[in-house]
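> sequence and predicted structure are below.
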Amino acid sequence: MNLNILNELIEGKISVTPEIALLLESTLDIPAKFWMDCQSQYESDLTRIKELESIKVRVL
């Protein structure tokens, strides 16, 4: 696995794509589905945070 890709993932500059998930799977022996599920959960959490911030702004 390219260390630049790993650094960009850690720094949040890129998302886990199916291709990256497969690279992680082959490098770390952790299923690609795990990485894709993590990405999906992260995106859901971000959406919820944005919604809560929007509600706060409207209340204030």
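Done, it's in.

> check contacts around the residue nearest the centre of the chain.
The chain has residue 39 as the residue nearest its centroid, 3.4 Å off, counting by CA atoms, centre = their mean. Contact analysis of residue 39 by CB atoms under 8 Å, 6 or more residues apart in numbering lists 15, 16, 21. For glycine as for every other residue, the C-beta is placed from the backbone atoms N, C-alpha and C.

> tell me the one of these nearest residue 54?
When those are ranked by distance to residue 54 (CB to CB), residue 15 comes first, at 22.4 Å.

> what's the closest non-adjacent residue to the closest one?
Of all residues not flanking residue 15 in the chain, residue 39 sits nearest, at 5.8 Å (CB to CB, 6 or more residues apart in numbering).

> and the pLDDT for residue 60?
Looking at residue 60, its pLDDT reads 77.

> how close does it sit to residue 51?
Distance from residue 60 to residue 51, counting by CB to CB, to the nearest Å: 15 Å.
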